[in-house]
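[1] Sequence and predicted structure below; questions after.
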Amino acid sequence: MLQWAGAAYLVFIGMRMVLSRPREDAVVVPQPVARSFARGFVVQAANPKALVFFVALLPQFIDPGASVGGQVLILGASSIAIEFIVLAFYVALAVRARRIAGTRLAGPLERIGGGLLVAAGARLALVRAQ
């Protein structure tokens, strides 16, 4: 049932993107950096995949004979620092791509993205649940 709901949601979002009309007067208002950072932090903190990743990955690198708390702190901090750098790089690329593409390519890119979501939803609907 959850698979069908996910497939329907992907198709719905994709069709909205495909059928949307590009607005020439659409202006992107930049948000303050602190607000954008806070929103991104909340989204990532609420991501259950990140928790599963840490629970599955970190214990392999912990020496049970040493201070476990310190090791977890170092591994967690270094992982967060690396992820922050990578995501900051993605943001810089996205800002640059937006400046280059401008509003002229926004419509076609929106439709391509919508088509990919519809295809992903159709693929999800056709996959047999194991």
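    Perfect, thanks for sending it.
[2] In the lengthiest helix in the chain, which residues are buried?
    Taking DSSP state H as the criterion, the chain has its longest helix at helix 68-101. Buried residues in helix 68-101, counting neighbours by 16 or more other CB atoms under 10 Å, are found at Q71, L75. For glycine as for every other residue, the C-beta is placed from the backbone atoms N, C-alpha and C.
[3] Tell me the helix or strand right after it.
    Downstream of helix 68-101, the first helix or strand assigned by DSSP states H and E is helix 106-126.
[4] Show me what that next one is packed up against.
    Using 3 or more CB pairs under 8 Å, 6 or more residues apart in numbering; DSSP states H and E, the elements in contact with helix 106-126 are helix 2-19.
[5] picking up where we left off before, give me the angle between the longest helix of the chain and helix 106-126.
    Angle of helix 68-101 versus helix 106-126, following axes from the mean of the first three to the mean of the last three CA atoms, to 10 degrees, is 130 degrees.
[6] Please tell me the pLDDT value assigned to the residue lying farthest from the centre of the chain.
    Here the chain reaches farthest from its C-alpha mean at G65, the gap being 37.1 Å by CA atoms, centre = their mean. Here, the pLDDT recorded for G65 equals 90.
[7] do the same with P22
    As predicted, P22 sits at a pLDDT of 65.
[8] Got phi/psi on the residue farthest from the centre of the chain?
    Here the main-chain torsion angles of G65 (degrees, to the nearest 10) amount to phi -80, psi -20.
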